[in-house]
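Undergrad: the sequence and its predicted three-dimensional model are supplied below.
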Amino acid sequence: MIRSVTLLCLTLMLVYTGCARKDSITPDSERQKILNYLHAQAQKYPQLQRDLPQLDLKHYSRVKSENVEILAISLPKKADGLSERIILELENGIIKNGFKLSYRGKLSEIEANEQILNFYRKDFNHVSGQLDGRQFSENPLFSVKFNEGKLSTFSIATAKPRRATEMARDIQHPRICTHWYWVTYNSTTGEIYSTDYMYTSCEGEAGGAVADVDAVGGSSEVTTNPCDRAGQFAGNNYYMDRLEALLSPTYMNINYEVLSISSRNYTGGPEYSNFFQGSPNQHSVSTNWSAYGQRSITTMVHTHVQGGSSFYSVSDLHVMYSVVKNGQVYDVEAFNMMLATYNGTVYNCQVDNLNAFIAFGDTWLNSENARTLLELRWSEIYNIKGNNSPAQNQAGMESWMNAMNTGLVFYQGNTSNLSSWTPIFKNSNGQLIKVPCQ
């Protein structure tokens, strides 16, 4: 599982090993950092100003993984029994995201706090009640409801990019804009119940915005046949040699993950690879991504060793989203993210529609909270879990792909014949296609 830590450092992880500390005394330096962040947010969103004097910044709860912390800062309980928190996400000690969270349930404040912590521990089987997230601007972010550990309702603010024809009309105001919709899903099947427009957000000039297709080195939609693309990467001995090496017992029978990154200068030139290894029993690989400039990364190959998932993790997709959106990929259409697992599975993942993938990432991958919601969908709706059999995860992945527009194509490989690949993708009519390449 790949976890993004910062724009410069991303971590490959398999298990979210979260723990919680409640009501810890906040160091003065951290309290000042939080105040500075919240005051800056209040300048942009005056609605937040009235909450600041009511926050208890001396004691609050946190859930911590290897590089990411969730801080839950209490607001006074409302008369209607609603428990409210300010949620802050820290990566390597830097506040990266913040929003307001409300909890509704017939529980004491201490019990309500435990439900919130369980949610961010991703211990979904021990969550009960309703959690509603909203931006500091009061725009809704998500709403989930659990009945004794079983998901019963699921809604999320969903990004949908404008089409190229829409953007072409705005020659005088070339900004990259995203339409946001409130989408409610069937909590059992994942099918969409309703989609309601909320607002449109715009940022950056078209020539330099990271979400612009020209800035990240690709076109909005890939037109090459998936089997032709499979032939291109399967016929590339440079990539296949690295994948075959990681599938060998040398790398499969160890207790740490390995990551190979192939790159080249953005003007061309020779391709070279760097290997990185994680710590024993940690299921993670870290590297300094500042070493990779614009349009440099060509292919990534990594392992999931014993105890890891037979399929990609949410964090794997987050790293792919980050390097694509940050413009660090040499050629988006030809970019490969390959996976070899101890469970005997091998996959490659490519971008099939850049605009759709960026919108998917903006919704489900751009914050720890968003990734928690995607893990919730994978776990509770599609049964994609780290301890599942390969067949269970494969079936869950196909159900998830059928229900969502990810902008991705997954290639299922054959460990005994790396020239044999089966693409799994949605065609222009929204149909899920899975046909082995000849």
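TA: It's in.
Undergrad: may I see the buried residues of stretch 240-253?
TA: Neighbour counts over stretch 240-253 (16 or more other Cβ atoms under 10 Å) mark 240, 242-243, 246-247, 251-252 as buried. Any C-beta I mention is one placed from the backbone N, CA and C, and that applies to glycine too.
Undergrad: so which of the residues you listed are in helices?
TA: Among those, DSSP state H puts 240, 242-243, 246-247, 251-252 in helices.
Undergrad: just flag the most distant two among the buried residues of stretch 240-253.
TA: The largest separation in the buried residues of stretch 240-253, counting by Cβ to Cβ, is between Met240 and Met252 at 16.7 Å.
Undergrad: I figured Arg242 hits His302, correct?
TA: No. Counting by Cβ atoms under 8 Å, Arg242 stays clear of His302, with 10.3 Å between them.
Undergrad: now do the shared contacts for these two.
TA: Ser260 (Cβ atoms under 8 Å, 6 or more residues apart in numbering).
Undergrad: which residues does Asn118 contact?
TA: 124, 126-127.
Undergrad: relative to Val183, which of the residues you listed is nearest.
TA: Nearest to Val183 among those, with distances taken as Cβ to Cβ, is Phe124, at 19.8 Å.
Undergrad: contact partners for Cys150?
TA: Cys isn't right for residue 150; it's Lys. Glu380.
Undergrad: point out where the stretch 101-250 of the chain drops to low pLDDT.
TA: Confidence mapping of the stretch 101-250 of the chain against pLDDT under 70 gives the ranges 161-176, 203-224.
Undergrad: try it again with 90
TA: 105-110, 148, 160-178, 188-191, 200-225 (pLDDT under 90).
Undergrad: ditto for the stretch 301-438 of the chain
TA: Short version for the stretch 301-438 of the chain, where the test is pLDDT under 90: 307, 315, 386-387, 427-431, 438.
Undergrad: any chance you could map the strands in it?
TA: In the stretch 301-438 of the chain, the strands defined using DSSP state E, counting those that start in this stretch lie at 336-341, 346-351, 408-413, 421-426, 432-434.
Undergrad: those strands: which one's closest to Pro76?
TA: strand 408-413 (43.9 Å).
Undergrad: direction included, what does the closest one pair against?
TA: According to DSSP bridges, strand 408-413 forms sheet pairs with strand 346-351 (antiparallel), strand 421-426 (antiparallel).
Undergrad: Serialize those to TSV and add fields for distance to Ile86 and mean neighbour count.
TA: Below are the strands paired with strand 408-413 laid out as TSV (distance: least, Cβ to Cβ, whole Å; neighbours: other Cβ atoms under 10 Å):
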stretch	distance to Ile86	mean neighbour count
strand 346-351	35	23
strand 421-426	38	21
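Undergrad: would you turn these into a markdown table with distance to Lys385?
TA: Converted to a markdown table, the strands paired with strand 408-413 look like this (distance: least, Cβ to Cβ, whole Å):
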| stretch | distance to Lys385 |
| --- | --- |
| strand 346-351 | 16 |
| strand 421-426 | 19 |
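Undergrad: who wins for proximity to Lys434 among the ones you listed?
TA: The nearest among the strands paired with strand 408-413, by Cβ to Cβ, is strand 421-426 at 4.8 Å.
Undergrad: how far does that closest one sit from the chain's center?
TA: 21 Å (Cα atoms, centre = their mean, to the nearest Å).
Undergrad: which residues touch it?
TA: Against strand 421-426 from outside (Cβ under 8 Å, 6+ apart): 226-227, 229-230, 234, 348, 352, 397-398, 401-402, 405, 408-414, 432-437.
Undergrad: Arg85 and Ala391, how far apart?
TA: Counting by Cβ to Cβ, to the nearest Å, the gap between Arg85 and Ala391 amounts to 40 Å.
Undergrad: higher neighbour count, those two?
TA: Arg85 (23 against 10; other Cβ atoms under 10 Å).
Undergrad: got the phi/psi numbers for that one?
TA: Main-chain torsions, Arg85, degrees, to the nearest 10: phi -140, psi 150.
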